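predicted model and sequence follow; I will ask about them next.
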Amino acid sequence: MTITLNHTIVPCFNNVESAKFYCRLFGFEYAGEFSHFVVVRVNDTLSLDFDNREKFDSNHYAFKVSEQEFDEIFERIQIENIKYGSGPGEADNMSINHNFGGRGVYFRDPNGHLLEMLTADYVL
């Protein structure tokens, strides 16, 4: 059996608003409440479980997308006037990168988490 990541917790200030932000931007499926979490389905094997917290550290979540998905999501980022950038230390320089023959962009969600969208895997 191939091991897959099933879900991960995304700490946030408002789990409903945060879940809807990810759905609106990425096109994820809003699955609803489960216990004290609000669940968003990323794909058939992965969900993000948004959990209300008063304090938390900022996390980094990276999503590999197709070229077409990049265009669609990037357009929504621009429509929502979200600052973006070409690297993790430059998440607001209003540029994208072209690392490893693809495209990538970094931006922050309303909770301060650093989100990354990339079309090509890192070549190590």
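Now that the structure is in, tell me what you want to look at.

and the strands in this protein?
7-12, 29-34, 37-41, 47-52, 60-64, 84-85, 104-108, 114-118 (DSSP state E).

how about those, which one is nearest Gln78?
strand 84-85 (8.1 Å; C-beta to C-beta). Every C-beta, even on glycine, is put in place using the N, C-alpha and C of the backbone.

list the pairing partners of the closest one within its sheet, with orientation.
strand 104-108 (antiparallel) (DSSP bridges).

average pLDDT across the partner strand?
Per-residue pLDDT values over strand 104-108 give a mean of 98.

now the angle from that strand to strand 60-64?
Orientation of strand 104-108 against strand 60-64 (axes from the mean of the first three to the mean of the last three C-alpha atoms, to 10 degrees) gives an angle of 140 degrees.

CA atoms only: put strand 104-108 into CSV for me.
What follows is strand 104-108, C-alpha atoms only, in CSV (Å, rounded to 0.1, in the frame of the first residue of the first chain):
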residue,chain,number,x,y,z
GLY,A,104,5.6,29.3,-8.4
VAL,A,105,4.1,32.0,-6.0
TYR,A,106,3.9,32.6,-2.3
PHE,A,107,1.2,34.4,-0.4
ARG,A,108,-0.3,34.5,3.1
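
how near is the closest residue in space to Val42 that isn't next to it in sequence to Val123?
Using C-beta to C-beta, 6 or more residues apart in numbering and skipping residues adjacent in sequence, the residue nearest Val42 is Phe28, 5.5 Å away. As judged by C-beta to C-beta, to the nearest Å, Phe28 and Val123 stand 27 Å apart.

between those two, who's got more neighbours?
A direct count of neighbours by other C-beta atoms under 10 Å for Phe28 and Val123 places Phe28 higher, at 20 against 7.

does that one really touch Val40, like I thought?
Yes. Between Phe28 and Val40 there is a contact at 4.8 Å, judged by C-beta atoms under 8 Å.

what touches both of those two?
22, 48 (C-beta atoms under 8 Å, 6 or more residues apart in numbering).

let's have the strands of the chain in TSV, adding distance to Ile77 and mean neighbour count.
Shown next, in TSV, are the strands of the chain (distance: least, C-beta to C-beta, whole Å; neighbours: other C-beta atoms under 10 Å):
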stretch	distance to Ile77	mean neighbour count
strand 7-12	18	18
strand 29-34	19	13
strand 37-41	17	20
strand 47-52	18	20
strand 60-64	12	13
strand 84-85	6	20
strand 104-108	6	21
strand 114-118	8	20
